[in-house]
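Trainee: Any chance you can model this:
(one chain, ligands or ions: 1)
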Amino acid sequence: MTQIIYVALITITVVSFLLGKWLDYLNDKAKSPEMPPEAEGIYDSERYQKWLAYDKANGRVGAISSSISIVASLVMLGFGLFGALDIWLRQYIEHDILLALGFFGVLGFGSSIISLPFSIYSTFVIEEKFGFNKTTVKTFIVDMIKGLLLSAVIGLPLGALVIWFYYELGELFWISAWVLMTFFSLFMTMFAASWIMPLFNKFTPLEEGELRTAIEVYCDKVGFKLTNLFVMDGSKRSGKSNAFFSGLGPKKKIVLYDTLIEQMTTEEIVAVLAHEIGHYKKQHTRQSLILSIVQTGVMLYLLGFFLRMEEFSLALGSGAGSFHVGVIAFGIIFSPISTLIGIGMSMLSRKNEFEADAYARDTYDGAALASGLKKLTAENLSNLMPHPYVVFVSYSHPPVLQRLERL
Ligand SMILES: [Zn+2]
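Mentor: Numbers count the residues shown, from 1 in each chain. Modelled structure (predicted):
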């Protein structure tokens, strides 16, 4: 049994890597070296060439980083190093919860070390070269430290509680962990925008003026109570622009990047905002929250089931059944299911994007949204014609040409 699981874990890892490679290849082939007629009005030929170069540079880095990570995974799996790490740590740590936290800590640290050079390269070489990067070395380092502290402050107690549930509550493990995670994700949805995001960016209420008035007039018209409308200093890190909606109930918040305000006209910004309000009006925020809670429940139920079988830890080289090694094995076994769930969620999300676009068109102005989307695409050097399979598997937003067509 252990042998079969061992082979299955390696097979799943290799197949999902190859699947990713195949999708990259399809996307590459879908690119035309000359500007296609469909791109007219979004890119000019110079900008299109720039996109090609940008896409190529990103593709190359992606290929190197995914190759390194598959090699690292196969070495860890093939030589039973997850189990070896467990056995080694047990010499120093006796406490079950500390042991599991230490185990995930070492793995997390290792994977950050591997990904760090890529993140440095893509920020300071690629994004820099294409004129997007505004991040200073200082901001980059401070971000990293804040990120680490934040994951310690939130992740350690949360992780410790889940592990404690596992050791103390037996059969009730999955359901108690589910309740905890549900509360946690509700809490984060409500407060992340007010407590966590301000640690990284500055949020200022949109000042009085033409734009604010236009937004207020629109919100009045559709009956949206506008309490929190903020401008975020996205330009601190990147020239790319965006807008988003976050939070629930009275905590809901609309955020516009300062870069968006710089690049777009008032009508275009109101149209983008109307799209965001469309997500709210059509209950998309609530819907995706509920779905993710259900998904977490299913996952925890299966995790509880798998953890009872010690063969999974043994397949990874552990000496005996081990919670944390079992979690790693489960993560790999579950990954095809999670890919399938991800495909379903992306399909739903693309449908929601069309709905929000339609809402903006019906309540405000389709033409303004279309021209806003075109600008956003050209400024951000987005892919106009990704391969349909790639869209199917991983795109949360429909390709912009499809959105324009529907508008
Ligand atoms: Zn949207």
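Trainee: ok, which residues in the chain are in contact with the ion?
Mentor: For the chain, the residues in contact with the ion (CB under 5 Å from the ion) are 353, 356. (Glycine included, C-beta is placed from N, CA and C.)
Trainee: 6 Å instead?
Mentor: Proximity of the chain to the ion, by CB under 6 Å from the ion, involves residues 275, 279, 353, 356.
Trainee: any idea how far F132 is from the ion?
Mentor: 21 Å (CB to the ion, to the nearest Å).
Trainee: what about that residue, distance to T2?
Mentor: Taking CB to CB, to the nearest Å as the measure, F132 falls 48 Å from T2.
Trainee: which residues of the stretch 101-250 of the chain fall in strands?
Mentor: Applying DSSP state E, counting those that start in this stretch to the stretch 101-250 of the chain gives strands spanning 203-205, 229-232, 243-246.
Trainee: quick revisit: out of F132 and T2, which sits in the more crowded spot?
Mentor: F132 (19 against 13; other CB atoms under 10 Å).
Trainee: Next up, the contacts around the residue nearest to the more buried one when sequence neighbours are not counted.
Mentor: Spatial nearest neighbour of F132, chain neighbours left out: G239 (4.7 Å); criterion: CB to CB, 6 or more residues apart in numbering. By CB atoms under 8 Å, 6 or more residues apart in numbering, G239 lies in contact with 131-134, 259, 379.
Trainee: Which of the residues you listed are buried, as a ChimeraX select command?
Mentor: To isolate the buried ones among those in ChimeraX, judged by 16 or more other CB atoms under 10 Å, type:
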select :132,133,134,259,379
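Trainee: Export the contacts of G239 as JSON lines, with columns for pLDDT.
Mentor: Listed next are the contacts of G239 as JSON lines, based on pLDDT from 0 to 100:
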{"residue": "G131", "pLDDT": "90"}
{"residue": "F132", "pLDDT": "93"}
{"residue": "N133", "pLDDT": "94"}
{"residue": "K134", "pLDDT": "93"}
{"residue": "T259", "pLDDT": "94"}
{"residue": "E379", "pLDDT": "89"}
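Trainee: Give the residue spans of the chain that score low on pLDDT.
Mentor: For the chain, no stretch is flagged by pLDDT under 70.
Trainee: Which helix in it has the most residues?
Mentor: helix 323-360 (DSSP state H).
Trainee: Go through that one and flag the buried ones.
Mentor: 323-330, 332-335, 341, 345-346, 349-350, 352-353, 355-360.
Trainee: Could you find the closest non-adjacent residue to I341?
Mentor: Q295 (5.9 Å).
Trainee: Surely the one you found is in contact with L340?
Mentor: No - between Q295 and L340 there is no contact under CB atoms under 8 Å: 11.1 Å.
Trainee: I68: neighbouring residues, count only.
Mentor: With other CB under 10 Å as criterion, I68 counts 14.
Trainee: May I see the buried residues of the particular helix or strand that has it in it?
Mentor: Counting by DSSP states H and E, the element that carries I68 is helix 45-78. By 16+ other CB under 10 Å, the buried positions in helix 45-78 come out as 47-48, 50-52, 54-55, 57, 61, 65, 70, 73, 76-77.
Trainee: what's that helix packed up against?
Mentor: Under the contact criterion of 3 or more CB pairs under 8 Å, 6 or more residues apart in numbering; DSSP states H and E, helix 45-78 touches helix 2-30, helix 96-121.
Trainee: Any figure for the gap between the residue of the chain most remote from its centre and A320?
Mentor: Residue farthest from the centre of the chain, counting by CA atoms, centre = their mean, is Q91 at 36.7 Å. Taking CB to CB as the measure, Q91 falls 14 Å from A320.
Trainee: D28 contacts N58, doesn't it?
Mentor: No - look at D28 against N58 with CB under 8 Å: they stay out of range, at 11.6 Å.
Trainee: check contacts around G102.
Mentor: 89, 93.
Trainee: now it: how far from F79?
Mentor: Relative to F79, and taking CB to CB, G102 is found at 20 Å.
Trainee: go on, E94?
Mentor: 26 Å.
Trainee: Settle it for me: which of these two has more neighbours?
Mentor: F79 (11 against 8).
Trainee: which residue packs closest to the more buried one, ignoring adjacent ones?
Mentor: F79 sits nearest to G317 (CB to CB, 6+ apart), 7.4 Å away.
Trainee: Just want the phi and psi numbers for the one you found.
Mentor: phi 100, psi 10 (degrees, to the nearest 10).
Trainee: That one reaches G78, doesn't it?
Mentor: No - with contact defined as CB under 8 Å, G317 does not count as touching G78 (9.6 Å).
Trainee: OK, contacts around the closest residue to P336 other than its chain neighbours?
Mentor: Once flanking residues are discounted, P336 sits nearest to I12: 6.2 Å by CB to CB, 6+ apart. Applying CB under 8 Å, 6+ apart, one finds that I12 lies in contact with 332-333, 335-336.
Trainee: Adding distance to K251, write those residues out as JSON lines.
Mentor: What follows is the contacts of I12, written out as JSON lines (distance: CB to CB, whole Å):
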{"residue": "I332", "distance to K251": "37"}
{"residue": "I333", "distance to K251": "37"}
{"residue": "S335", "distance to K251": "33"}
{"residue": "P336", "distance to K251": "36"}
